[in-house]
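# dropping a prediction and its sequence here:
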Amino acid sequence: MIVMKFGGTSVQDAAAIDTAAEIVSGRVNRAPVVVVSAMAGVTNSLILTAKAAKERRADDALQEITELRRRHFSTARKLLDKTAEPRSGAYSLNSVELELESLFAELENLARSVATLGELTARSHDAIVSFGERLSSVIVAAAFRSRGIPAELVDSRRFIITDDHFSRAAPDLPEIIRRVSEVLLPILNSSSVPIAQALLVQLRTA
C-alpha cells in the first residue's frame, strides 16, 4: 500500500486532475490510497466566507460561495463526459453535480446561520473550511473512475478521529489505526482505490 497525497495545485483545475489521474493510473498495482486537498485558493476563499459571515456580511459570504460553485461545476463538466457511462452511476456527471449542489447548499446554510448569529465558533470555522476537500474529492473520484481507475470515494471523517479542540485538534492514533483497518482495508482488498480528503478537524464520534 502507498499513500499518494495531492495538494491544492495538483487538483486546482481539470488539467491538473488529469495529470493526477495519469500518475495514479501507473501505480494502481501498488494499492494506492489517494488523499486530496482543496483546489488551490479554495481554502482561502472559505476562510473569507467564514469571516464575512461572522461580520454579518451575508451577501459577501454568499458571493464567495457562488464563485466556488461556478469553479467546481466548471471543472467537473470539463472532466466528465455527459454521454459517457461510468462503471457506477454514482460517478456520472449528473450524480456529481447533484452531490456538489448538496454540499454547496449545506455550506450556504452554515454561512447563513453564522451570519444570523454574528458568531463564528472554532467548530463552525473548521466545518466551513472542510468543504474545500469535500468538494474536490467528489470531482477527483469521478474523474479517476471515468479514466479507468477503480476509484471509490471515502469520507475521511469515518477514520480520522481527533479530540474536540477545534482548529488545533490532536489525532487519536490508536482509534485512527483501528478505523483504517475497518474502512480502508476492505476497499483496498477489493482492488479499488480509496479517494479521501486531507481533513484533520473531525470531532471524536465514538
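Perfect, thanks for sending it.
# can you give me the helices for the chain?
Listed in chain order, the helices of the chain (DSSP state H) span 14-25, 42-54, 58-79, 93-117, 122-129, 131-146, 173-189.
# highest mean neighbour count out of those helices?
helix 131-146 (a mean of 25; mean count of other CB atoms under 10 Å). C-beta here means a position set from N, CA and C on the backbone, and glycine is covered the same way.
# distance between it and the chain's centre?
Distance, stretch centre to chain centre, for helix 131-146: 6 Å (CA atoms, centre = their mean, to the nearest Å).
# what about that helix, average pLDDT?
For helix 131-146, the mean pLDDT works out to 96.
# and it with helix 14-25, angle?
Taking axes from the mean of the first three to the mean of the last three CA atoms, to 10 degrees, one finds helix 131-146 and helix 14-25 inclined to each other by 60 degrees.
# counting by contacts, list what helix 131-146 packs against.
Other helices and strands packing on helix 131-146, by 3 or more CB pairs under 8 Å, 6 or more residues apart in numbering; DSSP states H and E, are helix 14-25, strand 32-36, helix 42-54, helix 58-79, helix 93-117, strand 151-153, strand 193-197.
# distance to F6 and mean pLDDT for the ones you listed - can I get that in CSV?
What follows is the helices and strands packed on helix 131-146, written out as CSV (distance: least, CB to CB, whole Å; pLDDT from 0 to 100):
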stretch, distance to F6, mean pLDDT
helix 14-25, 5, 97
strand 32-36, 5, 96
helix 42-54, 14, 97
helix 58-79, 14, 97
helix 93-117, 18, 96
strand 151-153, 13, 96
strand 193-197, 10, 96
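# tabulate these (TSV), appending distance to T162.
Formatted as TSV, these follow (distance: least, CB to CB, whole Å):
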stretch	distance to T162
helix 14-25	27
strand 32-36	16
helix 42-54	18
helix 58-79	25
helix 93-117	20
strand 151-153	21
strand 193-197	14
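# to V183, which of the ones you listed lies closest?
strand 193-197 (8.3 Å; CB to CB).
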